[in-house]
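# need coordinates for the following:
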Amino acid sequence: MRHRIRKYLPDHEAIRANPWLQPFENTLLHPRLWDLNRHSAAGAVAAGLFCGLIPGPLQMLGAAICAVLFRVNLPLAMLTTIYTNPLTIVPLYVVAYAIGQWVTPGPGQRFVPPPDWGEESFSAWIGMLIDWMAGLGTPLAVGLVLLASGLALAGYLLVKLAWRIYLVRAWRRRASRRAQHTVV
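Coordinates of the predicted model:
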């Protein structure tokens, strides 16, 4: 499994050759950011799931920063943020808002969908997004943190479990092959 995934990852020379990434070469070429094992994969999925709920287009940047800070697999952390997309973001924010309302005291208000990025400039849209979030206030902020934390924990544990199941099955297959060869 690791070998199949590794052929799609960029190599160190691609990072060195990219002029945008050269200032960060020492940080981005750390071996643990590109290593794919059960610990780095589980941490990367957790970072990606947590950062996937960051509002706006900063999700992959947040996942990259988390991957560098926690020394987990960088490409997997960035790829995991894709679970939030135009089809899933509104339902996730509704769930986050409901969690926030359930946890925080105070009067409840109705959820309003985020503003669309239509014909406005990017900076105008960011301003509208900030106004929208300020209007929803504490329930959304608390709900986003709690939902992101819950998703990150669930993703971490599921990857650890899936990797463990894969290893146990591989060990058993190997043991069964050895047993067949020794019997013959």
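# what are the ranges of the helices in this structure?
Using DSSP state H, the helices found in the chain span residues 2-6, 12-17, 25-28, 38-51, 59-70, 74-80, 89-103, 122-136, 138-183.
# P113: which of these is closest?
Checking those against P113 by CB to CB gives helix 89-103 as the closest, at 5.4 Å. For glycine as for every other residue, the C-beta is placed from the backbone atoms N, C-alpha and C.
# just list what that closest one packs against, helices and strands only.
helix 138-183 (3 or more CB pairs under 8 Å, 6 or more residues apart in numbering; DSSP states H and E).
# and for the most centrally placed residue in the chain, nearest residue in space, chain neighbours not counted?
Taking CA atoms, centre = their mean as the criterion, G48 is the residue nearest the geometric centre of the chain, at 1.0 Å. Closest residue to G48 apart from its sequence neighbours, by CB to CB, 6 or more residues apart in numbering: T80 at 2.4 Å.
# hang on, that neighbour packs against V45?
Yes. Taking CB atoms under 8 Å as the definition, T80 is a contact partner of V45 at 5.2 Å.
# spit out the residues that contact these two alike.
With contacts defined as CB atoms under 8 Å, 6 or more residues apart in numbering, the residues adjacent to both T80 and V45 are G155.
# related to what we said a few turns ago, now the helices of the chain as TSV including mean pLDDT and distance to P114?
Putting the helices of the chain into TSV (pLDDT from 0 to 100; distance: least, CB to CB, whole Å) gives the following:
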stretch	mean pLDDT	distance to P114
helix 2-6	63	33
helix 12-17	69	34
helix 25-28	70	32
helix 38-51	95	17
helix 59-70	93	14
helix 74-80	91	21
helix 89-103	90	7
helix 122-136	79	5
helix 138-183	92	10
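# so for D116, which of the ones you listed sits nearest?
helix 122-136 (8.3 Å).
# need the contact list for the residue lying closest to C66 once chain neighbours are set aside.
Spatial nearest neighbour of C66, chain neighbours left out: A47 (3.8 Å); criterion: CB to CB, 6+ apart. Each residue near A47 by CB under 8 Å, 6+ apart is listed here: 63, 66-67, 70, 72, 77, 80, 152.
# that concludes my questions; thank you for your assistance.
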